[in-house]
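1. Generate a structure from the sequence data that follows.
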Amino acid sequence: VVTLSLLMYPVLRSLALQLHSAITGSYVSGTHSIAFINCLNEQIAKDIARAIMDKKLAAYVNILPKSSALYFWKGELEESAEILLIVKTRTSKIDELSNYVRSIHPFEIPEIISLPIDQGNPLYLKWIEENVPRD
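-> Next comes the predicted model:
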């Protein structure tokens, strides 16, 4: 019974938050997230961004211009130029987004990091919700 309760907790929490939001009309912190994805070049970034949008895994993707990156790879310090995607989506879509990006990304271990959105313009957050289908 305890195991079942623990397994059901995310589902029950999600339902409770949706109900709270519907009743009060307020934004529930963490309902939406921003994901950061690095890409080797602009064409790969555009291809991945388009694929994310085609699958309706995001409402909006920024493609930021070239930046320099320093990182350790296989024990060596590396330096490269990268393009950064900033993806706005529902938090409930992060796992699906991450799995999908890993399946199409050319990097062996692509950077896919997400942060929950704590607060923001309520109209913008509602727009994200309207443009990314529920699970």
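
2. Report the helix or strand with the lowest average pLDDT across this protein.
-> Counting by mean pLDDT, DSSP states H and E, the chain has its least confident helix or strand at helix 2-24, which shows a mean of 68.

3. in its sheet, what does the very next helix or strand once past it sit against?
-> Note on helix 2-24: by DSSP states H and E, the next helix or strand toward the C-terminus is strand 32-39. In the sheet, strand 32-39 lines up against strand 76-90 (antiparallel), strand 112-116 (antiparallel) (DSSP bridges).

4. Show me what the following helix or strand past the shortest one packs onto, helices and strands only.
-> Meaning strand 112-116. The first helix or strand that comes after strand 112-116 along the chain, using DSSP H and E, is helix 122-131. Helix 122-131 sits against strand 32-39, strand 76-90, with contacts defined as 3 or more Cβ pairs under 8 Å, 6 or more residues apart in numbering; DSSP states H and E. Backbone N, C-alpha and C define where each C-beta goes, glycine included.

5. To R50, which of those strands lies closest?
-> strand 76-90 (10.8 Å; Cβ to Cβ).

6. Identify the residues contacting the residue nearest the centre of the chain.
-> Geometric centre of the chain, nearest residue: A35, 3.5 Å, by Cα atoms, centre = their mean. Shown in contact with A35 (Cβ atoms under 8 Å, 6 or more residues apart in numbering): A58, L85, I86, V87, T89, I94, L97, S98, I112, I113, S114.
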